[in-house]
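Trainee: Structure here, sequence nowhere to be found:
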């Protein structure tokens, strides 16, 4: 038996959600895209000198020191470092980095420590 072909009107949306919307569809004639303003543009436009001094704004952003402990960062890779080598005083993220640290000469280790402002004399 042959299957019957049913004709139906297929209604598609004007644009698919996963497709990029064309600029002329999004902004009709006469409208322009909203652009980000830089801080140098915001400060003169907002007249911050007229605000009370204790009200927070872009000019006087102040925050208290963080109550969370600082993150330990691997000296070689830049990832979070849960480990610490007691011989070289370098922080490391995994075993491959540890092997690399142990193979480094002392002058290279001193340079890594100097980058972190941890001037330690290794023996």
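Mentor: Structure received. This one's a predicted model, so the numbers in the text were calculated from it and none came from an experiment. Numbering: from 1, shown residues only.
Trainee: only C-alpha atoms for contact and neighbour calcs from this point on.
Mentor: OK.
Trainee: which regions of the protein lie under the pLDDT threshold?
Mentor: Along the chain, segments meeting pLDDT under 70 span 1-34, 58-64, 119-123.
Trainee: all strands of it, in order?
Mentor: Counting by DSSP state E, the segments of the chain that form strands are 83-84, 91-92.
Trainee: The last one packs against which elements?
Mentor: Spelled out, it's strand 91-92. Under the contact criterion of 3 or more C-alpha pairs under 8 Å, 6 or more residues apart in numbering; DSSP states H and E, strand 91-92 touches strand 83-84.
Trainee: roughly how far apart are residue 79 and residue 98?
Mentor: 13 Å (C-alpha to C-alpha, to the nearest Å).
Trainee: Of the strands of the chain, which is nearest residue 52?
Mentor: When the strands of the chain are compared by C-alpha to C-alpha, strand 91-92 sits nearest residue 52, at 45.9 Å.
Trainee: contacts for the closest one?
Mentor: Here strand 91-92 makes contact (C-alpha atoms under 8 Å, 6 or more residues apart in numbering) with 72, 73, 74, 75, 76, 77, 81, 82, 83, 84, 85, 98.
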